[in-house]
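>>> need a structure here:
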Amino acid sequence: MKNKKIIVTGGAGFIGSNLVKGLNAIGFKNIVIVDSISQNKYKEKNLVNLEYEHIIDKTTFLNNLDDYSNSEFCFHQGACSDTTNSDYTYMKENNLEYSIKLFDFCNQNNIDMVYASSAAVYGDSLSFSESIRNENPKNIYAKSKADFDNYIRSIENNLNINVTGLRYFNVYGPHEHHKNNMSSVILKFFNQMKSGSSIKIFKGSETFLRDFVFVEDVIDINIFFYKNRQTNIFNVGTSVPRSFREIAEIFKSIHKNLSIEEIEFPKELKGKYQKFTKADNSKINKVIPNLKYTSLEEGVRKYNKFLEKYSQ
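Numbers count the residues shown, from 1 in each chain. All right, here's what the predicted structure looks like:
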C-alpha cells in the first residue's frame, strides 16, 4: 500500500522527524507532514535530507481533512509537550480535542492509527502497568494524554480501525533542539558544556530515577505497530530506571575535563516532578518478545556524536 499517503502529525518535531526518517528507510516517501516550521530554524533543520510529499500546518489540515480520506495510516505524534504549561484551555484544545477530531476522522475513513501517549499519565504511581487504576496525572499535559487514552477506551466497542497508543517514557536523541526547556537532560548538558566547563544537576539527582529510552528504539516500535496492527495501549520504555546523576557521569566520561555542579531544586517543579518511572513491559513483551533497547551508555554516546556534528 505504499502508493497511499501516510500522515505524520508533528512530523517536523522530535519523534515525528525521526519517524519520517525511519519510514524513508523502509521505502516510504508518500508522507504528509502536519506541522508548522515557519520561523523555526530547528524544525527546518530536522527535515533536511528527509523525503516526504508535502508539509501542512495543523489548522489548514483540520479544515481540509476530506482531502486525506484515502490515506492508509496515521502516526499522531503532534502535541504540546510542555509539562509546565498551565493554560488548560490551550492544552485541552491542542492535545485532547485535536486528537479526538483526528481520531474520529480516521475511524470514519478506515485509517489505522498509532498515537503518542505518555508515561506522564502515571504521575507518582509506583505501578507502571497500562491500567487506569495506575493513572494519576500531576499536570494538565499528563491529564490531556490520560483523557485521550480514556476516550479511546470508552468507544472501544465502536472502533472501525486499529488504534495503538504508545506511552513514551523519557525519550532522548537527535532532533529535539526546538523543545527548548523541555529537551532531554543530555542536550542540556551538551549546551552547558559548550558555554562553560561544568554541567549542572539538581541536588539529590541520584535519587531521581527515570526510564530513559533512545529515540531510535521508539521509532522501531512505532513501525512495528504499523506492520502489526492492533488496538491496545503499550508502554515504551526500557524498564531499567537510571538516575540523572548517572547520565551526568556518562557524559563526563565522554568529555573528561567536565565538572559536575549541584544546584538547588527549582521551587516551581516541587510537587509536579516524577521522581521515579519504570515501564512495566509485560504487555509489550508478549507482542514483541525479542525487543531489545539501546543501553543508556550507548545512547548517550550516539547522541553526543550527533550533537558534536550538529553544532559544527
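>>> helix, strand or coil for Phe75?
strand (DSSP: H, G, I helix; E, B strand; the rest coil).
>>> The closest residue to it other than its chain neighbours - how many residues pack around it?
Distances taken as Cβ to Cβ, 6 or more residues apart in numbering place Val8 nearest to Phe75, at 4.8 Å, with adjacent residues excluded. Yep, even glycine has a C-beta here, placed from its N, CA and C like the rest. Look at Val8: counted by other Cβ atoms under 10 Å, it has 29 neighbours.
>>> quick one: contacts of the helix or strand Val8 falls within?
Element membership for Val8 (DSSP states H and E) is strand 6-9. Contact partners of strand 6-9, identified using Cβ atoms under 8 Å, 6 or more residues apart in numbering, comprise 16, 19-20, 23, 28, 30-35, 52, 58, 61, 68, 71-78, 102, 111.
>>> quick one: the closest residue to Leu126 other than its chain neighbours from Cys106, how far?
The shortest distance from Leu126 to any non-neighbouring residue, by Cβ to Cβ, 6+ apart, is to Phe276 (7.4 Å). Phe276 sits 35 Å away from Cys106, going by Cβ to Cβ, to the nearest Å.
>>> do the same with Asn170
Distance from Asn170 to Cys106, by Cβ to Cβ: 28 Å.
>>> Give me the more crowded residue out of the two.
Cys106 (24 against 19).
>>> what bridges to the nearest residue to Phe61 once chain neighbours are set aside?
Spatial nearest neighbour of Phe61, excluding adjacent residues (Cβ to Cβ, 6+ apart): Val34 at 4.8 Å. The partner list for Val34 in beta bridges (DSSP bridges) reads Thr9, Ile56.
>>> Next, the contact list for Val34, please.
By Cβ under 8 Å, 6+ apart, the neighbours of Val34 are Ile7, Val8, Thr9, Gly10, Gly11, Ile55, Ile56, Asp57, Lys58, Phe61, Gly78.
>>> Ser282 too?
Ser129 are the contacts of Ser282 under Cβ under 8 Å, 6+ apart.
>>> Phe28 should be in a strand, yeah?
No: using three-state DSSP, the secondary structure at Phe28 is coil, not a strand.
>>> Got the phi and psi for Leu296?
Main-chain torsions, Leu296, degrees, to the nearest 10: phi -60, psi -40.
>>> Test my guess that it contacts Ala248.
No: counting by Cβ atoms under 8 Å, Leu296 stays clear of Ala248, with 11.7 Å between them.
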